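*Asks:* Quick one, what's the 3D model for this:
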Amino acid sequence: DIPVMFFGRSRTMSMNDTVRKLGENPLSSSVLVAGGNNFYVVGLLRNISELDNYTDFVKRVGEMPEPTVGIYSLDAGLAPDFIDRGQRNEEHYEELTPLDVRIIASLKEDARKQIAEIAEETGVSAKTVKRRLEDMIAQGSVDLIVPMDPTSCGDIASIVHVVLKDGADKKAVGRRLISKFSPQLWYLRSFSNLPSFLLCIMCTDKMNELRGLLQRIEKDEDVKSVVPNVWYADHIFETWRDALVAPGKTPPKAA
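*Replies:* A predicted model of the protein is given here:
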């Protein structure tokens, strides 16, 4: 799959209704809502040919006439919470077997499930489950995550746009920011088509702590500008990938 993000200001007068409609598309994975009616729509494309139609959908349904479109960079080594810890080293992937699909289906509702429990559900040995699961993870064929909503924890969650100076090494700057500002800098995203841009997710206890972090980031020699956006709502949806492992269901067509 190809993860993409659309972000920008929405003209909607009904945020909840618009988010619900965006989530009805099987390509939509999540919608983050920030101050000023700014939406961050994350989509999972089956292939790049779906980008144009999905872009039109987000513009129309999200009432976002001029969104920025970012194609996630998964080879920058800056997203350890993503597939392959943000590094895809394989050029070719093995086709999933029926057993692989059963294992993924077993993990669908609980990525922390014990190997023995998966083995019992799939009817094979724990050794076989462990081997196949390790192979799928190594290839990047499966992504084990526990969804969480940072906006519900009581801290200040912020989406920070970091624009780099011309010629800056984006990978080097990203690693430096992670090293300096973790754990307040929770994670960041890099986009292959936005060479001078990093999207940072930050969590702080107080507003003055956030202000101090932003000032320190601004002082980095390779940073041109820093623009924060308070993130206050998170909506996660099932996609076409979920339908692949849903019993008795076939993957829906994209709108």
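*Asks:* Could you report the distance from the residue nearest to Lys113 when sequence neighbours are not counted to Glu120?
*Replies:* Nearest residue to Lys113 in three dimensions, chain neighbours excluded: Leu107, at 5.7 Å (C-beta to C-beta, 6 or more residues apart in numbering). For the C-beta atoms, the positions are set from N, CA and C on the backbone; glycine is no exception. Distance from Leu107 to Glu120, counting by C-beta to C-beta, to the nearest Å: 13 Å.
*Asks:* Tell me which of these two has more neighbours.
*Replies:* Using other C-beta atoms under 10 Å as the criterion, Leu107 and Glu120 rank with Leu107 on top: 18 against 13.
*Asks:* isn't that one right up against Ile137?
*Replies:* No - the pair Leu107 / Ile137 is not scored as a contact, 11.0 Å apart, by C-beta atoms under 8 Å.
*Asks:* Identify the contacts common to those two.
*Replies:* Leu144 (C-beta atoms under 8 Å, 6 or more residues apart in numbering).
*Asks:* tell me the contacts of the residue nearest to Lys113?
*Replies:* Contacts for Leu107 (C-beta under 8 Å, 6+ apart) come out as Lys113, Ile118, Val142, Leu144.
*Asks:* between those residues, which has the most around it?
*Replies:* Greatest neighbour count in these, by other C-beta under 10 Å, goes to Ile118: 22 neighbours.
*Asks:* Just list the residues touching Asp17, thanks.
*Replies:* By C-beta under 8 Å, 6+ apart, the contact list for Asp17 is empty.
*Asks:* What are the buried residues along the helix or strand hosting it?
*Replies:* Using DSSP states H and E, Asp17 sits within helix 15-23. Applying a neighbour-count criterion of 16 or more other C-beta atoms under 10 Å, one finds Thr18, Val19, Lys21, Leu22, Gly23 buried in helix 15-23.
*Asks:* Pretty sure the second one sits against Leu32.
*Replies:* Meaning Val19. No - at 9.7 Å, Val19 does not count as touching Leu32 under the criterion of C-beta under 8 Å.
*Asks:* Between these two, which contacts overlap?
*Replies:* Common neighbours of Val19 and Leu32 (criterion: C-beta under 8 Å, 6+ apart): Phe39, Ala233, His235.
*Asks:* Make CSV out of the residues you listed and add distance to Ala126.
*Replies:* Listed next are the shared contacts of Val19 and Leu32 as CSV, based on distance: C-beta to C-beta, whole Å:
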residue, distance to Ala126
Phe39, 43
Ala233, 40
His235, 36
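*Asks:* What's the first helix or strand after the helix or strand Tyr40 falls within?
*Replies:* Taking DSSP H and E as the definition, one finds Tyr40 inside strand 38-45. Note on strand 38-45: by DSSP H and E, the next helix or strand toward the C-terminus is helix 51-61.
*Asks:* got the contact list for the closest residue in space to Ala111 that isn't next to it in sequence?
*Replies:* Ranked by C-beta to C-beta, 6+ apart and with sequence neighbours excluded, the top spatial neighbour of Ala111 is Leu144, at 4.3 Å. Residues in contact with Leu144, defined by C-beta under 8 Å, 6+ apart, are Leu107, Ala111, Ile137.
*Asks:* Leu144: what secondary structure?
*Replies:* Assigned by DSSP: H, G, I helix; E, B strand; the rest coil, the conformation of Leu144 is coil.
*Asks:* same deal with Ile159?
*Replies:* The three-state assignment at Ile159 reads strand, by three-state DSSP.
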